[in-house]
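Trainee: return atomic coordinates for the entry below.
(one chain, ligands or ions: 1)
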Amino acid sequence: MNGPLLTVTHLTARHGLLTAVREMSLTVRAGEVVSLVGANGAGKSTLLRTIAGAHPATAGHIALGGRDVTGMRAYQRVREGIALVPEGRRLFPDLTVEENLLVAAGRSRTTRWDLDRVLAAFPMLRPLLRQRASSLSGGQQQATAIARALLTGPRLLLVDEVSLGLSPAAVADVYASLATLAAEGVTMILVEQDLTRAMSAAGRVVCLREGQMVLAQPADAVTRQQVVDAYFGIRESAVPADASRERT
Ligand SMILES: Nc1ncnc2c1ncn2[C@@H]1O[C@H](COP(=O)(O)OP(=O)(O)OP(=O)(O)O)[C@@H](O)[C@H]1O
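Mentor: Residues are numbered from 1 along each chain as shown. Take a look at the predicted model:
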């Protein structure tokens, strides 16, 4: 089994007085795909952004491959191998798909992910290379944003809100490409609201609630109901122990 690639230790991140991520610890092994789920405001985006250096950590540590990156700026973490696809994707709308991709390719850490290889994982982008990003559908934009992140040669790919706002067909296309990346051993943390997708795409499901991790289980060892219960904070103990006796 591969060793840990990402180690998050007692991480706290705030927005002013609000603690969005509270003393969270999480380890992700090389080659692992983790789905991060949780209700709106649970802290998923803040966790991803803090790992990527787009938001400051108040306390705790983040290490990649054993190297502490907590004090590094976002661009330095890209060089270390952390790539974030943010919510809203943030493409350059006036540039073509190819230009958006090549912006990142110039900063690649490795030659492993060149344009051809990325396009093999995202075949839907090939006919779109000359189109301006502003003319793309949501699914095409998401594919471009993930492909752009891949061209930085990441060791860890973070994708916020993979399927938010996409049509069912676009979601299927994006997940087909993510499955290709997973098969190639790309380590990923995916924020996904769709629990069915979250559980089928990942090896492990991690659920956050109010800035804390309330479930972290192999995807095949947990039921959808258990994830839903963790999501809403419903515990078995909330069901009266004598409820079944009352019915008899
Ligand atoms: N820029 C900000 N300023 C102030 N508070 C913020 C900011 N961004 C997030 N928050 C708050 O931090 C908490 C965690 O938000 P975060 O966006 O990390 O959650 P999330 O699980 O990603 O939810 P969503 O699915 O809505 O994006 C929420 O209470 C949110 O209101």
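Trainee: which of the residues in the longest helix seen in the chain are buried?
Mentor: Assignment by DSSP state H gives helix 168-183 as the longest helix of the chain. Using 16 or more other Cβ atoms under 10 Å as the test for burial, helix 168-183 gives 170-171, 173-175, 177-178, 181-182. Every residue, glycine included, has its C-beta placed from N, CA and C.
Trainee: how far off centre is it?
Mentor: 14 Å (Cα atoms, centre = their mean, to the nearest Å).
Trainee: list the contacts of that helix.
Mentor: 33, 120-122, 124, 137-140, 142-143, 146, 150, 157, 159, 162-163, 166, 188, 190, 194, 197, 201 (Cβ atoms under 8 Å, 6 or more residues apart in numbering).
Trainee: what residues does this structure have near the ligand?
Mentor: Residues of the chain found near the ligand (Cβ under 6 Å from any ligand atom) are 15, 18, 20, 38, 40-46.
Trainee: identify the bridge partners of the one residue sitting closest to the centre of the chain.
Mentor: The centroid of the chain falls nearest to residue 190 when counting by Cα atoms, centre = their mean (2.7 Å). Under the criterion DSSP bridges, residue 190 forms beta bridges with residue 35, residue 159.
Trainee: and the strands in the protein?
Mentor: Here the chain has its strands, by DSSP state E, at 4-15, 18-29, 33-37, 59-64, 67-68, 82-85, 156-159, 187-191, 204-209, 212-218.
Trainee: output those as JSON lines; include the columns distance to residue 102 and mean pLDDT.
Mentor: Formatted as JSON lines, those follow (distance: least, Cβ to Cβ, whole Å; pLDDT from 0 to 100):
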{"stretch": "strand 4-15", "distance to residue 102": "27", "mean pLDDT": "96"}
{"stretch": "strand 18-29", "distance to residue 102": "29", "mean pLDDT": "96"}
{"stretch": "strand 33-37", "distance to residue 102": "27", "mean pLDDT": "96"}
{"stretch": "strand 59-64", "distance to residue 102": "25", "mean pLDDT": "97"}
{"stretch": "strand 67-68", "distance to residue 102": "28", "mean pLDDT": "96"}
{"stretch": "strand 82-85", "distance to residue 102": "16", "mean pLDDT": "95"}
{"stretch": "strand 156-159", "distance to residue 102": "19", "mean pLDDT": "97"}
{"stretch": "strand 187-191", "distance to residue 102": "23", "mean pLDDT": "97"}
{"stretch": "strand 204-209", "distance to residue 102": "34", "mean pLDDT": "95"}
{"stretch": "strand 212-218", "distance to residue 102": "38", "mean pLDDT": "94"}
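Trainee: where in the chain is pLDDT low?
Mentor: Residue ranges of the chain with pLDDT under 70: 1-2, 106-111, 235-248.
Trainee: do that again at 90, thanks
Mentor: Applying pLDDT under 90 to the chain flags the ranges 1-3, 86-90, 93, 102-115, 164-165, 231-248.
Trainee: residues in contact with residue 92?
Mentor: 99-100, 103, 133.
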